[in-house]
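S.K.: A structural model of the following input is requested.
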Amino acid sequence: MSSLESKIKSKELDLFFKAILELEDLDECYKFFEDVATINEVKALAQRLHVAKLLKNKKTYSEIAEITGASTATISRVNRCLNYGSDGYNLILEKIKDENIDE
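M.R.: Numbering: from 1, shown residues only. The predicted structure follows:
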């Protein structure tokens, strides 16, 4: 899906995403996201990416729930996005495939 076809595209989100693209390192990411979102919101986004990585690694829902603390509803939603979404998870997981996270 190209950005022109995005269901959420707006000038406001364009500005937000352009801001994210300007972040140069992890320290800047932490500073920006701690200001722009609640700790729980940022942790929820991180958890979804971890869930996606585990799903791609063929972990079961129960294993993923135990590892991440995610609900089965969250795991199911991420799985649906992996299989039928805009391909965003697959895109980023391919780019960071060598990054390790405790499983």
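S.K.: centre-most residue in the chain?
M.R.: Nearest to the mean C-alpha position of the chain, by C-alpha atoms, centre = their mean, lies Leu49 at 3.8 Å.
S.K.: just the CA coordinates of the helix or strand containing it, formatted as CSV?
M.R.: Leu49 belongs to helix 39-56 when assigned by DSSP states H and E. What follows is helix 39-56, C-alpha atoms only, in CSV (Å, rounded to 0.1, in the frame of the first residue of the first chain):
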residue,chain,number,x,y,z
ILE,A,39,4.9,5.9,29.0
ASN,A,40,2.1,3.4,28.6
GLU,A,41,1.4,4.4,25.0
VAL,A,42,5.1,4.1,24.0
LYS,A,43,5.4,0.7,25.9
ALA,A,44,2.2,-0.5,24.1
LEU,A,45,3.7,0.3,20.7
ALA,A,46,7.0,-1.4,21.6
GLN,A,47,5.0,-4.4,22.9
ARG,A,48,3.2,-4.7,19.5
LEU,A,49,6.4,-4.7,17.6
HIS,A,50,7.8,-7.4,19.9
VAL,A,51,4.6,-9.5,19.4
ALA,A,52,5.0,-9.1,15.6
LYS,A,53,8.6,-10.3,15.8
LEU,A,54,7.6,-13.3,17.9
LEU,A,55,4.8,-14.2,15.6
LYS,A,56,7.2,-14.0,12.6
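S.K.: now do that helix: distance to the chain's middle.
M.R.: 6 Å (C-alpha atoms, centre = their mean, to the nearest Å).
S.K.: next secondary structure after it?
M.R.: Following helix 39-56 in sequence, per DSSP H and E, is helix 61-68.
S.K.: for that next one, give the mean pLDDT please.
M.R.: Helix 61-68 carries an average pLDDT of 98.
S.K.: tell me which residues are up against that helix.
M.R.: Helix 61-68 is touched from outside by Gln47, His50, Val51, Leu54, Leu55, Lys59, Ala70, Ser71, Thr72, Ile75, Ser76, Glu103, with contacts defined as C-beta atoms under 8 Å, 6 or more residues apart in numbering. Every residue, glycine included, has its C-beta placed from N, CA and C.
S.K.: in TSV, list those residues along with distance to Ala37 and neighbour count.
M.R.: Shown next, in TSV, are these (distance: C-beta to C-beta, whole Å; neighbours: other C-beta atoms under 10 Å):
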residue	distance to Ala37	neighbour count
Gln47	13	17
His50	17	19
Val51	18	28
Leu54	23	22
Leu55	24	20
Lys59	27	18
Ala70	18	21
Ser71	20	13
Thr72	24	12
Ile75	22	24
Ser76	23	13
Glu103	25	12
